[in-house]
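>>> for reference, the sequence and a predicted model appear below.
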There are 2 protein chains.
Amino acid sequence: MNERTVYFLSDQTGVTAETLGHSLLTQFDGQKFRQVTLPFIDTEDKAREAVRKINLAAADAEVRPIVFSTLVQDEFRSIVREADGLHLDIFDVFLEPLEKEFQSAPSHAPGRAHGMSDINAYMKRIEATNFALANDDGGVSRNYDVADVILIGVSRSGKTPTCLYLALQYGVYAANYPLTEDELESSDLPGFLLEQKHKLFGLTIAPDRLRQIRKERRPLGNYSTAQQVRFELREAEKLFKRYGIPNVDTTEFSIEEIASRILDSTGVERRVRP
Amino acid sequence: MNERTVYFLSDQTGVTAETLGHSLLTQFDGQKFRQVTLPFIDTEDKAREAVRKINLAAADAEVRPIVFSTLVQDEFRSIVREADGLHLDIFDVFLEPLEKEFQSAPSHAPGRAHGMSDINAYMKRIEATNFALANDDGGVSRNYDVADVILIGVSRSGKTPTCLYLALQYGVYAANYPLTEDELESSDLPGFLLEQKHKLFGLTIAPDRLRQIRKERRPLGNYSTAQQVRFELREAEKLFKRYGIPNVDTTEFSIEEIASRILDSTGVERRVRP
């Protein structure tokens, strides 16, 4: 099987080209890809350099490269077009129908999508990230009154990365609280959590997967034994049931999926859109 | 000006539809949008419910909705198509040229793009996030020998969110170290940083913007005075110059842009692709 080189070209970060390309490429099983992002193509020189790189890869391979491009300035797009490869360009395809619909011309100005178009959005994401850090792992602040959501679950069920993702991506105020041995044994939640019961959301995970994750962190001791892991998860699920706390099994999910499911299930609104 | 409702439809998280849509919509100045994400459309019922919501919005407005869709299963796509709006669908447009190129049929299986397609990728992102947390703000671990990059800069120049973003999005091991008054005054860096000089990357920011950010956090005291902020930034830039440390001015940049510029400038490879 020939490895196929895939280029993501952008006059900005390349995030849009990567996201689009990844969605499409994962539809094709059994293909092997080498992925290269060429961001910040905002001069003629950089556009020509990109063409040179793509043509070099094309000359070396038996199959031509795939080029996902989100360049908005016509002068650079026409240069990049010359490169040897299959070109897929969202602006080529979607700008015209939108132009018709809005009866207004696109700006063709680069750097809007993931740019500092909105200083408020930046501040909100930073503040939400600070909130997540200060309220991580049951930690210091416990400003649960201003939280949008409070994740609870056993150690290593995915609470911290999910909270940070919710903050960075959506500006959502997400706290997390690890269920302790005490709480698991008594099937009881502390008063400061019950006061915010409507904000609680539970994470659970398959025992085998949790053991695998915990072993990476702490291979020895009780922490990652089958018995301990099964006990904690069983009791956590009992707690969720007892208090009617919505929850999600994170075993098969990426961080993006866990975050999206929480927003979808709770109805918490994004404060920022990426 | 009529507000336009924009829907992002997905059988998964909606991240791809949102990213694509946002890139396109920011090309049109002066339009007002209300954005609604409808994720996890993976049953006929949910597809019909989406149609109902879109039609309701269409009936209420003078301009029809815009619908960005990334549904991969034909049965649900054909239902959603019935909704009243301008439909923009990446699979409609880009799947066929890729199918021809690969001479292989797409799987039309949902949930690949941001899914747990790769458990290793999940673990890498989690481990990188743990690394960023343990090595935040000059903190506890100082495992700089395994860092991919070490961000340095004055307080509130954007180090922490950038490190977390690099970890969550790309699995990159990013530590950060805040420049102290001592280091700024002496124009000297501690030995444990100089040992890793090739990994250092500086963040700087415009004085006015830094004051604005610091005031949000701590409105009183020396921390956010014009004099203090100017002093710190001037000395930090001197340090970058003295040691030849590459750096970026974050004033006009979003977190995504800062992260992309660091990867682009340092050549640090993504360990994971989103």
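Cool, got the structure. Not measured: the values here are computed from a predicted model.

>>> how far out from the middle of the chain is stretch A:34-52?
25 Å (C-alpha atoms, centre = their mean, to the nearest Å).

>>> kindly report the same for stretch A:193-207.
Remark: stretch A:193-207 is offset 21 Å from the chain centroid, using C-alpha atoms, centre = their mean.

>>> got the buried residues for it?
A:193, A:196, A:199, A:200, A:201, A:202, A:203, A:204, A:205, A:207 (16 or more other C-beta atoms under 10 Å in any protein chain shown). C-beta here means a position set from N, CA and C on the backbone, and glycine is covered the same way.

>>> residues contacting the third one?
Applying C-beta atoms under 8 Å, 6 or more residues apart in numbering or on different chains, we find residue A:199 in contact with A:144, A:147, A:148, A:149, A:150.

>>> chain neighbours aside, what residue packs nearest to it?
Nearest non-adjacent residue to residue A:199, counting by C-beta to C-beta, 6 or more residues apart in numbering or on different chains: residue A:150, 4.9 Å away.

>>> cool, and the fourth one?
Spatial nearest neighbour of residue A:200, excluding adjacent residues (C-beta to C-beta, 6+ apart): residue A:245 at 4.8 Å.

>>> state the pLDDT value of that neighbour.
On pLDDT, residue A:245 comes in at 98.

>>> number of nearby residues for it?
By the measure other C-beta atoms under 10 Å in any protein chain shown, the count of residues near residue A:245 is 20.

>>> next, the buried residues of stretch A:176-188.
Within stretch A:176-188, judged by 16+ other C-beta under 10 Å, the buried ones are A:176, A:177, A:178, A:179, A:183, A:184.

>>> same thing with stretch A:149-158?
Neighbour-count burial for stretch A:149-158 [16+ other C-beta under 10 Å]: A:149, A:150, A:151, A:152, A:153, A:154, A:155, A:156, A:157, A:158.

>>> could you do stretch A:211-222 as well?
Buried, per 16+ other C-beta under 10 Å, within stretch A:211-222: A:211, A:212, A:213, A:214.

>>> of those, which ones also sit close to chain B?
residue A:213 (C-beta under 8 Å from any C-beta of the partner chain).

>>> dump the buried residues of stretch A:211-222 into TSV; add pLDDT, distance to residue A:118 and secondary structure as well.
Output for the buried residues of stretch A:211-222, formatted as TSV (pLDDT from 0 to 100; distance: C-beta to C-beta, whole Å; DSSP: H, G, I helix; E, B strand; the rest coil):
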residue	pLDDT	distance to residue A:118	secondary structure
A:211	94	43	helix
A:212	90	41	helix
A:213	89	36	helix
A:214	92	40	helix
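
>>> return the member of the buried residues of stretch A:211-222 nearest to chain B.
residue A:213 (7.2 Å; C-beta to the nearest C-beta).

>>> pretty sure the closest one contacts residue B:126?
Yes - the criterion here is C-beta atoms under 8 Å, and residue A:213 meets it with residue B:126 at 7.4 Å.

>>> okay, and which of the buried residues of stretch A:176-188 map to strands?
Among the buried residues of stretch A:176-188, the members falling in strands are A:176, A:177, A:178 (criterion: DSSP state E).

>>> one step back: kindly indicate which of the buried residues of stretch A:176-188 lies nearest residue A:93.
Within the buried residues of stretch A:176-188, the smallest distance to residue A:93 is 41.1 Å, found for residue A:176 (C-beta to C-beta).

>>> ok, the closest one - contacts?
A:132, A:135-138, A:150-153, A:159-160, A:162-163.

>>> equivalent analysis for residue A:258, please.
Residue A:258 touches A:158, A:162, A:165, A:203, A:248, A:250, counting by C-beta under 8 Å, 6+ apart.

>>> look up phi and psi at residue A:87.
phi -100, psi 130 (degrees, to the nearest 10).

>>> does it really touch residue A:69, like I thought?
Yes - contact criterion C-beta under 8 Å: residue A:87 and residue A:69 qualify, at 6.4 Å.

>>> assign residue A:124 to helix, strand or coil.
helix (DSSP: H, G, I helix; E, B strand; the rest coil).

>>> follow-up on the earlier one: among the contacts of residue A:199, which are in strands?
Mapping those onto strands (DSSP E) picks out A:149, A:150.

>>> just curious, which of the contacts of residue A:199 is nearest to residue B:227?
Of the contacts of residue A:199, the one sitting nearest to residue B:227 (C-beta to C-beta) turns out to be residue A:147, at 36.6 Å.

>>> beta-bridge partners for the residue lying closest to the closest one once chain neighbours are set aside, please?
Distances taken as C-beta to C-beta, 6+ apart put residue A:175 closest to residue A:147, at 4.5 Å, once the chain neighbours are dropped. As for beta bridges, residue A:175 partners with residue A:150 under DSSP bridges.

>>> and the one helix or strand residue A:23 maps to, what does it pack against?
Assigned by DSSP states H and E, residue A:23 falls within helix A:15-25. Helices and strands touching helix A:15-25, by 3 or more C-beta pairs under 8 Å, 6 or more residues apart in numbering or on different chains; DSSP states H and E, are strand A:3-9, strand A:32-38, strand A:66-69, strand A:86-89, helix B:15-25, helix B:90-102.

>>> buried set for stretch A:126-143?
Neighbour count says stretch A:126-143 has A:126, A:127, A:128, A:129, A:130, A:131, A:132, A:133, A:135, A:136, A:138, A:142 buried, by 16+ other C-beta under 10 Å.

>>> where does pLDDT dip in the stretch 1-150 of chain A?
Residues of the stretch 1-150 of chain A meeting the criterion pLDDT under 70: A:1, A:111-117.

>>> so residue A:11 lies in a strand, does it not?
No - counting by three-state DSSP, residue A:11 falls outside a strand, being coil.

>>> and residue A:251, how many residues sit next to it?
16.

>>> hang on, it packs against residue A:205?
Yes - between residue A:251 and residue A:205 there is a contact under C-beta under 8 Å: 5.2 Å.

>>> what residues does the stretch 101-250 of chain A put near chain B?
Counting by C-beta under 8 Å from any C-beta, the stretch 101-250 of chain A comes close to chain B at A:101-102, A:104, A:106-109, A:112-117, A:121-123, A:125-127, A:129-130, A:133, A:136, A:158, A:160-161, A:164-165, A:168, A:213, A:216-217.

>>> farthest pair in the buried residues of stretch A:126-143?
Maximum pairwise distance among these (C-beta to C-beta): 22.5 Å, between A:126 and A:138.

>>> so how far is the helix or strand harbouring residue A:78 off the chain centroid?
In this structure, residue A:78 is located in helix A:74-80 according to DSSP H and E. How far helix A:74-80 lies from its chain's middle: 31 Å, per C-alpha atoms, centre = their mean.

>>> show me what that helix is in contact with.
A:9, A:11, A:41-42, A:44, A:46-48, A:50-51, A:67, A:69, A:71, A:87, A:89, A:91, A:108.

>>> buried ones from those, can you make that a ChimeraX selection?
The ChimeraX command for the buried members of the contacts of helix A:74-80 (criterion: 16+ other C-beta under 10 Å) is given here:
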select /A:9,11,41,42,46,47,48,50,51,67,69,71,87,89,91
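
>>> tabulate the ones in strands among the buried residues of stretch A:176-188 (JSON lines), appending pLDDT.
Below are these laid out as JSON lines (pLDDT from 0 to 100):
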{"residue": "A:176", "pLDDT": "97"}
{"residue": "A:177", "pLDDT": "97"}
{"residue": "A:178", "pLDDT": "96"}
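
>>> follow-up on the earlier one: could you list the buried residues of the helix holding residue A:78?
A:76, A:77, A:79, A:80.
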